[in-house]
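Enquirer: sequence plus the predicted model coming up.
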Amino acid sequence: MQVLYFAWLRERVGAAAEEIDPDGARTARQLIERLRDRDPRYASAFADMAAVRVAVDQEMGDLDTPIDGAREVAFFPPVTGG
Amino acid sequence: MQVLYFAWLRERVGAAAEEIDPDGARTARQLIERLRDRDPRYASAFADMAAVRVAVDQEMGDLDTPIDGAREVAFFPPVTGG
Amino acid sequence: MSISVQREPFDLARESERLTAGRHDVGAVVSFTGLVRASTAEGHITGMELEHYPGMTERALERIVAEARERWPLEGVRVIHRYGPLSPGEQIVLVLTASRHRQAAFEAAEFLMDYLKTRAPFWKREHGPSGGRWVDARDADESAARRWEPESS
Amino acid sequence: MSISVQREPFDLARESERLTAGRHDVGAVVSFTGLVRASTAEGHITGMELEHYPGMTERALERIVAEARERWPLEGVRVIHRYGPLSPGEQIVLVLTASRHRQAAFEAAEFLMDYLKTRAPFWKREHGPSGGRWVDARDADESAARRWEPESS
C-alpha cells in the first residue's frame, strides 16, 4: 500500500511517500497506530490526531474509513488552499 | 425650469427636454398636473402615475419632492440598467 | 477614477490589473460582467438601445460606489456602464471590487449590481422581430436591492 | 476542460472570453481572483509555497465544479488553481462562472470558493522574516462552506 504525507505531516515523517504493509490494519486509524509503534517520527507526526485528515484512494475520508484493498492512503493537515 | 423626459415618457411627450414655467407648481406632482392641463401628450405620458419616477436637480425624488428653485426636473419610468 | 459611463466596450483584464497593480494588500478581486442576451423573457431580440441621463448617471454611480466603500473594507472599486446600441453577446456593465478578503469583495460586488439595477438612471429598449419595446423593471431586482437595507430584514 | 492545476499564471481575460465566445445566452459572468497578500494575520511575508496532492486535487476540483453545476443553472464554469512558489501580489486561484442571470453566477462563484478552500488538497507554507510556517486552516472558511449544506441551516 502506498502511503502519502503532505505539508507538515510530510516534514515530520521525513518522507512524501512510502510503500507500507498495512499489517492487518483495516482503518486509517489502525494504520496510524501501527506506524506510531514503528518509529518516533510517526509518533511526532501523528501527535495531534484532531489535526490529521485522511484520503483513501484520493477520496476524502476520516480516521475510520476502511483501507482494505486501498492502493493509496494519504495523511495531511486541514487544507488551506484558495 | 428645464424639464427632461426619458425612455417611453420622452416618446409620449415627444421631447427630450423643454423649458417650462412651473407656474406656481411647488412639487413634481403639481408640475405634472399643470402639464396635463396643457396638452393631451402629457395626459398620455402621465396616465399611469405609479410608473413615473422623478429626479430633481439630478437627485432621485418622488412626486411630492419640492421643486422650488430647482434648475432641472426629470421624469422617467423605473430604471432598467445593469 | 472609479466610475465611467461610455459607449465603448471595456477591457476586463486592463481594469482588473489597474485595480491591483503594485498592490500587495489585495487578496481578493471579484468581477461582474453583464452581457446582452439574445433571448429574454419576452422572446428573441436582435439588439437593444441603452438610454441614460447624462450627469445624473455619473452622480448616481459615484454615490453607489461611495456607499459600497462605507459598508465594506475595499481596496479598490471600478464601475463601467455602457450606453447606446448594443448587440447580443456585447458587454453592458462591469463591476470590479478588490479587498483583503473574499467575503467583502463578493458582497460589495453584489451590492453594487443590485443598487445599480435599481438606482442608476438607465433604460433598456429591446429590438425584436415585432419591433421595439421598453424593458419593464423587474420586481426581483427591487427585492434584491432591498436585502441591503437593514430596516427591511 | 473546466479545471486546471498549474504552476503558470492565468489570463483572466482569455479565460473569460473562452467562456462566452460566440454565446448569446450568457447574461452574467462573475470572476474571483485570489492573490497573495504581503501581510497576513501572522505578519509580513516575503512569499509562499503552495503544496498539493496531484491526482486527488484534480478529482476534488472536478467534483466541486460538478456540484456547482447541479445546484445552479450555469452556462460555463472555469477553475484554475496554481501551486509552487508564489510571491506577494501573484495570482493563486481563478473561479469563473457564467449564467443567464447574475444571482446564479454570484452564488456559484462563492460556493466554488468556499468549497475549494475547505475540500481541495492544497497547503500553504508562508515565508517571513522569522522563517517558514504552515498556514492554519481558518474556522471562518469552514463556516462559510457549511452555509451551503441544507441540513445546517
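Expert: Everything's here; your move. Since this is a predicted model, take the numbers as computed values, not measurements.
Enquirer: does C:P73 touch C:A104 like I think?
Expert: Yes - in this structure C:P73 lies within contact range of C:A104 using CB atoms under 8 Å: 5.6 Å. Just so you know, the C-beta spots here come from the backbone N, C-alpha and C atoms, and that holds for glycine as well.
Enquirer: quick one, which of those two is more surrounded?
Expert: More crowded of C:P73 and C:A104, by other CB atoms under 10 Å in any protein chain shown: C:A104, with 21 against 11.
Enquirer: dump the residue contacts of the more buried one.
Expert: Under the criterion of CB atoms under 8 Å, 6 or more residues apart in numbering or on different chains, the contact list for C:A104 reads C:A28, C:W72, C:P73, C:L74, C:T97.
Enquirer: of those, which are in range of chain A?
Expert: When CB under 8 Å from any CB of the partner chain is applied, no member of those is adjacent to chain A.
Enquirer: now, those residues that are in strands?
Expert: Among those, the members falling in strands are C:A28, C:L74, C:T97 (criterion: DSSP state E).
Enquirer: since we're on whichever residue of chain C sits closest to chain B, how many residues are nearby?
Expert: Closest residue of chain C to chain B, CB to the nearest CB: C:F122 (2.5 Å). For C:F122, the neighbour count with other CB under 10 Å is 27.
Enquirer: could you look up the SS state of the residue lying closest to it once chain neighbours are set aside?
Expert: Setting aside the residues directly before and after it, C:F122 is nearest to B:G81 in space (CB to CB, 6 or more residues apart in numbering or on different chains), at 2.5 Å. In the three-state summary, B:G81 is assigned as coil, counting by DSSP: H, G, I helix; E, B strand; the rest coil.
Enquirer: now swap in C:Q103 and tell me
Expert: Three states are possible here, and by three-state DSSP the one that applies to C:Q103 is helix.
Enquirer: around chain D, pick out the residues from chain A.
Expert: By the rule CB under 8 Å from any CB, the part of chain A lying against chain D is A:4, A:6-8, A:10, A:55, A:58-60, A:74, A:76-82.
Enquirer: now which of those would you call buried?
Expert: Those of these that meet the buried threshold are A:4, A:6-8, A:10, A:55, A:58, A:60, A:74, A:76-82, by 16 or more other CB atoms under 10 Å in any protein chain shown.
Enquirer: which positions in the lengthiest helix in chain A come out as buried?
Expert: Secondary structure of chain A per DSSP state H: the longest helix is helix A:28-38. Of the residues in helix A:28-38, those buried by neighbour count under the rule 16+ other CB under 10 Å are A:A28, A:R29, A:Q30, A:L31, A:I32, A:L35, A:R36.
Enquirer: buried stuff in the next helix or strand after it?
Expert: The C-terminal neighbour of helix A:28-38 among helices and strands, as given by DSSP states H and E, is helix A:40-45. Neighbour counts over helix A:40-45 (16+ other CB under 10 Å) mark A:Y42, A:A45 as buried.
Enquirer: how deep is A:D39 tucked in, by neighbour count?
Expert: Neighbour count for A:D39, taken as other CB under 10 Å: 12.
Enquirer: the host helix or strand of A:F75 - contacts with which helices or strands?
Expert: With elements delineated by DSSP H and E, A:F75 resides in strand A:72-76, which encompasses its position. Here strand A:72-76 is seen to pack against strand A:2-5, helix A:7-13, helix A:28-38, strand A:53-56 when contacts are counted using 3 or more CB pairs under 8 Å, 6 or more residues apart in numbering or on different chains; DSSP states H and E.
Enquirer: tell me the contacts of the nearest residue to A:R12 once chain neighbours are set aside?
Expert: Once its chain neighbours are removed from consideration, A:R12 has its nearest residue in A:A45; the separation is 3.7 Å (CB to CB, 6+ apart). With contact taken as CB under 8 Å, 6+ apart, A:A45 is in contact with A:Y5, A:L9, A:R12, A:V13, A:F75.
Enquirer: could you find the closest non-adjacent residue to the first one?
Expert: Looking back up the chat, that one is A:Y5. Spatial nearest neighbour of A:Y5, excluding adjacent residues (CB to CB, 6+ apart): A:V13 at 4.7 Å.
Enquirer: that neighbour touches A:R38, doesn't it?
Expert: No - with contacts defined as CB under 8 Å, A:V13 does not count as touching A:R38, sitting 10.9 Å away.
Enquirer: give me the neighbour count for residue 48.
Expert: Defaulting to chain A. As a burial measure, the neighbour count of A:D48 was computed by other CB under 10 Å and equals 9.
Enquirer: could you do chain C instead?
Expert: By other CB under 10 Å, the residues close to C:M48 number 23.
Enquirer: now name the helix or strand holding it.
Expert: Remark: C:M48 resides in strand C:47-52, with elements defined by DSSP H and E.
Enquirer: which parts of that strand are buried?
Expert: Buried residues in strand C:47-52, counting neighbours by 16+ other CB under 10 Å, are found at C:G47, C:M48, C:L50, C:E51, C:H52.
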